[in-house]
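Chemist: okay, here's the prediction I keep looking at, along with the sequence it came from:
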Amino acid sequence: MHTVRRKLVSVLFQLFDLALMLCSFAAAALISLHRRHPGNSPLELLSMRIRLSSFLIFTLIVVVWHFIFESLHLHDSKRMTSRRGEIADVIKAAMLGTVSIALAAILFRINLITSIFLLAFFGISTTAAIAVRVAVRSWLASIRRAGRNRRYMLIMGTNKRALQFAHKVESRPDLGYQMIGFADNPAAVSNEFRRSEYQLVSDLDELPNFLRRNVVDEVVMALPIRSFYEHASAIAIVCEEQGILLRSLSDLFETRIVRRKTEEFEGDYVITYYNGMLTDGWGVIMKRVVDCFGSFILLLLLAPVFLVIAAAIKLSSSGPVFFVQQRLGLSKRKFFIYKFRTMVRDAEQMFNQVEHLNEVTGPVFKIKNDPRVTSIGRILRKTSFDELPQLVNVLRGDMSLVGPRPLDVRDYELMAQSCPDWQRCRFSVKPGITCLWQVNGRNSLPFEQWMEMDRQYILNWSLWLDLQILFRTIPVVLKRSGV
């Protein structure tokens with residue numbers, strides 16, 4: 001598809017999304033008004049007067065809606081974007097748009113916008129936007145398989161990674177790519193490439209001339225940047241000048257990190273490498289919202305339980321109600337964790353007397369029948385009620401509801417002496433009250449498996465995974481598994 005045609009399609013898509021938004025707004029308004037005025041017909045509801053102020057506010061909402069969809073690049077070409085990724089972006093945009101409408105309702109006191117309206121609007125707009133995009137994707141895939149809407153691709157490099165990418169592209173005829181060939185220095189051509197059916201159409205020095213003379217829509221950079229920086233930079237400039245789309249497979253570092261993203265900072269583009277979670281972004285914001293809301297509600301509901309436990313601790317043994325200890329959190333920041341005290345007052349001073357009784361492997365300390373634990377403390381530990389004050393840590397932002405369990409300073413110092421670096425990736429996220437280790441055996445699992453579970457959580461993190469762990473924690477606590 002030519003540049004002008006792509007721009008035209010993008011504009012049409014923008015107009016179509018705005019039309020969908022208007023229809024969703026109207027449908028949600030009818031649903032909301034019908035619930036408030038059940039006797040009125042839809043025509044009577046539509047005949048209600050619209051004030052100028054309401055029209056201006058609605059225009060502002062439309063502009064914000066358009067800005068949200070544009071900021072998430074939902075009108076750009078999605079040829080090489082997965083369907084799941086595009087649907088996730090649509091849901092994010094619709095959710096942000098719905099939140100903006102809710103804020104407008106609060107600021108301007110719009111009676112029409114109720115909770116029913118917001119639910120209806122979010123459901124209708126999300127469903128409609130996803131349905132349209134799935135239909136467009138299916139239509140485009142069918143015409144590309146028929147040989148239309150083709151894009152001609154050239155790959156720079158003949159290494160294993162370049163060949164693997166070419167195989168992946170050719171295995172997806174629905175993407176509509178035609179492989180022109182490869183460009184590389186003849187001396188650098190790999191034996192695997194020579195055995196393949198692909199063609200070397202140009203060397204790197206002549207590639208600018210090749211791009212000037214031939215139809216090329218996209219160039220894929222698969223050269224190792226460190227070895228071919230000058231060639232790569234020259235080709236990038238040529239592609240920019242000729243308006244040829246440039247993609248890059250090259251990594252500056254030979255890492256096994258599974259995710260990366262590009263950000264713009266003061267005119268420079270910065271590539272960010274990360275595991276499964278970033279310190280900012282929509283997902284992490286929602287995680288924090290869940291943490292704040294969940295911990296606040298639980299603290300309110302469990303306030304009577306806190307009072308009963310505090311009284312039981314005070315009546316059963318001397319000492320404070322809460323056990324406060326320094327732990328390591330995000331990026332090894334130190335914070336004080338709160339728990340209900342389950343041991344005698346001088347338990348930490350008695351550590352040397354029981355250290356030889358440790359029953360777990362690795363740089364951690366656990367005893368199933370610790371002689372320092374009080375009678376009330378055993379009940380609290382079996383029910384995990386001793387962990388409840390950590391909800392305060394969650395509300396403060398030191399911890400999350402879900403995340404790797406925080407290590408104390410002593411355990412980390414032992415860990416630093418003997419453990420491989422990959423086990424320290426657990427410090428790239430906030431520690432949590434519950435985690436995969438908690439719901440998969442807890443103290444019955446060896447230390448290495450515990451660390452591996454934390455690593456898998458970070459690499460595969462999502463809000464859905466957090467919710468699964470939270471729901472699985474309830475039966476584990478009730479069954480007292482791994483305690």
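Modeler: Thanks, I have it. From a predicted model like this one, the values you see are computed outputs, not experimental measurements.

Chemist: quick one: neighbours of His231, just the number.
Modeler: Under the neighbour criterion other Cβ atoms under 10 Å, His231 is assigned a count of 20. All C-beta atoms are positioned from the backbone trio N, CA, C, and that covers glycine.

Chemist: starting at the chain centroid, how far to the host helix or strand of Ile285?
Modeler: Using DSSP states H and E, the element containing Ile285 is helix 282-301. A distance of 16 Å separates the centroid of the chain from that of helix 282-301, by Cα atoms, centre = their mean, to the nearest Å.

Chemist: export the very next helix or strand once past it as PDB, just CAs?
Modeler: Next helix or strand after helix 282-301 toward the C-terminus (DSSP H and E): helix 303-316. The C-alpha atoms that make up helix 303-316 are tabulated as PDB, following Å, rounded to 0.1, in the frame of the first residue of the first chain:
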ATOM      1  CA  ALA A 303     -10.000  -3.900  61.700                       C
ATOM      2  CA  PRO A 304     -12.000  -6.000  64.300                       C
ATOM      3  CA  VAL A 305      -9.700  -9.000  63.600                       C
ATOM      4  CA  PHE A 306      -6.600  -6.800  64.200                       C
ATOM      5  CA  LEU A 307      -8.000  -5.800  67.600                       C
ATOM      6  CA  VAL A 308      -8.700  -9.400  68.600                       C
ATOM      7  CA  ILE A 309      -5.300 -10.600  67.500                       C
ATOM      8  CA  ALA A 310      -3.600  -7.600  69.300                       C
ATOM      9  CA  ALA A 311      -5.400  -8.400  72.500                       C
ATOM     10  CA  ALA A 312      -4.500 -12.100  72.300                       C
ATOM     11  CA  ILE A 313      -0.800 -11.300  71.700                       C
ATOM     12  CA  LYS A 314      -0.700  -8.900  74.700                       C
ATOM     13  CA  LEU A 315      -2.500 -11.300  77.000                       C
ATOM     14  CA  SER A 316      -0.400 -14.400  76.100                       C
END
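
Chemist: mean confidence for the helix or strand encompassing Ile61?
Modeler: Secondary-structure element containing Ile61, defined by DSSP H and E: helix 52-71. Along helix 52-71, the predicted local confidence has a mean pLDDT of 74.

Chemist: list the helices and strands whichever helix or strand comes after that helix packs on?
Modeler: Helices and strands here follow DSSP H and E; after helix 52-71, the next one along the chain is helix 83-108. For helix 83-108, the elements it packs on are helix 52-71, helix 115-145, judged by 3 or more Cβ pairs under 8 Å, 6 or more residues apart in numbering; DSSP states H and E.

Chemist: next, the angle helix 52-71 makes with whichever helix in the chain runs longest.
Modeler: If each helix of the chain is counted by residues according to DSSP state H, the longest one is helix 3-36. With axes from the mean of the first three to the mean of the last three Cα atoms, to 10 degrees as the basis, helix 3-36 and helix 52-71 are set at 130 degrees to each other.

Chemist: what angle do helix 83-108 and helix 3-36 make with each other?
Modeler: Using the same axes, to 10 degrees, the direction of helix 3-36 lies 50 degrees away from that of helix 83-108.

Chemist: buried stuff in helix 3-36?
Modeler: Within helix 3-36, the residues scored as buried using 16 or more other Cβ atoms under 10 Å are Phe13, Asp17, Leu20, Met21, Ser24, Phe25, Ala27, Ala28, Ala29, Ile31, Ser32, Leu33.

Chemist: how about the strands in the stretch 251-400 of the chain?
Modeler: Taking DSSP state E, counting those that start in this stretch as the criterion, the stretch 251-400 of the chain carries its strands at 259-265, 268-274, 322-328, 334-340, 400-402.

Chemist: grab the CA positions of stretch 169-186 and hand them over as PDB.
Modeler: The C-alpha coordinates for stretch 169-186 follow below in PDB (Å, rounded to 0.1, in the frame of the first residue of the first chain):
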ATOM      1  CA  VAL A 169       7.800 -13.900   7.500                       C
ATOM      2  CA  GLU A 170       7.400 -16.400   4.600                       C
ATOM      3  CA  SER A 171       5.400 -18.600   6.900                       C
ATOM      4  CA  ARG A 172       2.800 -15.800   7.300                       C
ATOM      5  CA  PRO A 173       1.300 -15.200   3.800                       C
ATOM      6  CA  ASP A 174      -1.500 -13.200   5.500                       C
ATOM      7  CA  LEU A 175       1.100 -10.400   6.200                       C
ATOM      8  CA  GLY A 176       1.600  -9.900   2.400                       C
ATOM      9  CA  TYR A 177       5.400  -9.600   2.200                       C
ATOM     10  CA  GLN A 178       7.400 -10.400  -0.900                       C
ATOM     11  CA  MET A 179      11.100 -11.200  -0.100                       C
ATOM     12  CA  ILE A 180      13.300  -9.400  -2.500                       C
ATOM     13  CA  GLY A 181      16.500 -10.900  -1.200                       C
ATOM     14  CA  PHE A 182      19.400 -10.200   1.100                       C
ATOM     15  CA  ALA A 183      22.300  -7.700   1.300                       C
ATOM     16  CA  ASP A 184      25.700  -8.500   2.800                       C
ATOM     17  CA  ASN A 185      29.400  -8.500   2.100                       C
ATOM     18  CA  PRO A 186      30.200 -11.600   0.100                       C
END
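
Chemist: quick one, strands of the stretch 101-250 of the chain?
Modeler: For the stretch 101-250 of the chain, the strands identified by DSSP E, counting those that start in this stretch occupy 151-156, 177-183, 200-202, 218-221, 245-248, in order along the chain.

Chemist: which of the ones you listed comes out lowest on mean pLDDT?
Modeler: Ranked by mean pLDDT, those end with strand 245-248 in last place, scoring a mean of 85.

Chemist: which residues are contacting it?
Modeler: With contact meaning Cβ atoms under 8 Å, 6 or more residues apart in numbering, strand 245-248 is reached by Met80, Asp217, Glu218, Val219, Val220, Met221, Ile235, Ala236, Cys239, Glu240.

Chemist: pull the helix or strand with minimum mean pLDDT from this protein.
Modeler: The element with the least model confidence among the helices and strands of the chain, by mean pLDDT, DSSP states H and E, is helix 42-46, at a mean of 49.

Chemist: follow-up on the earlier one: quick one: closest of the strands of the stretch 101-250 of the chain to Val354.
Modeler: With Cβ to Cβ as the criterion, Val354 lies closest to strand 245-248 of the strands of the stretch 101-250 of the chain, at 56.7 Å.

Chemist: can you check the pLDDT for the residue lying closest to Val134 once chain neighbours are set aside?
Modeler: Taking Cβ to Cβ, 6 or more residues apart in numbering as the measure, Val134 lies nearest to Arg83, with 7.1 Å between them; neighbours along the chain are not counted. Model confidence at Arg83, expressed as pLDDT, equals 78.

Chemist: Arg83 - how many residues pack around it?
Modeler: If you count neighbours by other Cβ under 10 Å, Arg83 ends up with 13.

Chemist: so it sits right up against Ser138, yeah?
Modeler: No. In terms of Cβ atoms under 8 Å, Arg83 does not count as a neighbour of Ser138; the distance is 9.8 Å.
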